[in-house]
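In: Prediction below, plus the sequence it came from.
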Amino acid sequence: MWCMKRTNIYLTERQCGQLDHRAKVEGVSRAELVRRLLDEGLANGNATVEQDLDALHASFGALADETVAYSRGEDARLRHLEAVGRR
């Protein structure tokens, strides 16, 4: 049995709108979506954007196969990572 504790938080109008839209798409309540997002965020620990980018960088070529007809190449990969970092 779940023991739930009520809490109040202040959200911006934009946050409420985005939550409501996503909750509707997923077919759940706003509260359930918030709980799911919190669970997901807390499960990731102290993950940062830099750590995520490092993981992506390390994964490039992990599934490389000589039969693949194309390759991104080192320069294209660095340009992509720089572009992602600027967003």
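Out: Perfect, thanks for sending it.
In: Quick check: closest non-adjacent residue to G85.
Out: Spatial nearest neighbour of G85, chain neighbours left out: L53 (6.4 Å); criterion: CB to CB, 6 or more residues apart in numbering. Bear in mind the C-beta positions are built from the backbone N, C-alpha and C, glycine included.
In: Distance-wise, check that neighbour relative to H80.
Out: 11 Å (CB to CB, to the nearest Å).
In: A31 too?
Out: From A31 to H80 the distance is 38 Å (CB to CB).
In: so D54, which of the three states?
Out: What DSSP: H, G, I helix; E, B strand; the rest coil gives for D54 is helix.
In: Check L11 too.
Out: L11 - assigned by three-state DSSP - is coil.
In: Next, it: phi, psi?
Out: Note on L11: its backbone torsions stand at phi -120, psi 150 [degrees, to the nearest 10].
In: Check which helix or strand the residue nearest to it when sequence neighbours are not counted maps to.
Out: Computed as CB to CB, 6+ apart, the closest residue to L11 that is not its neighbour in sequence is L19, at 7.3 Å. Taking DSSP states H and E as the definition, L19 sits inside helix 13-26.
In: Show me which positions of the next helix or strand after that helix end up buried.
Out: Counting by DSSP H and E, the next helix or strand C-terminal to helix 13-26 is helix 30-43. Neighbour-count burial for helix 30-43, counted by 16 or more other CB atoms under 10 Å, picks out L33, V34.
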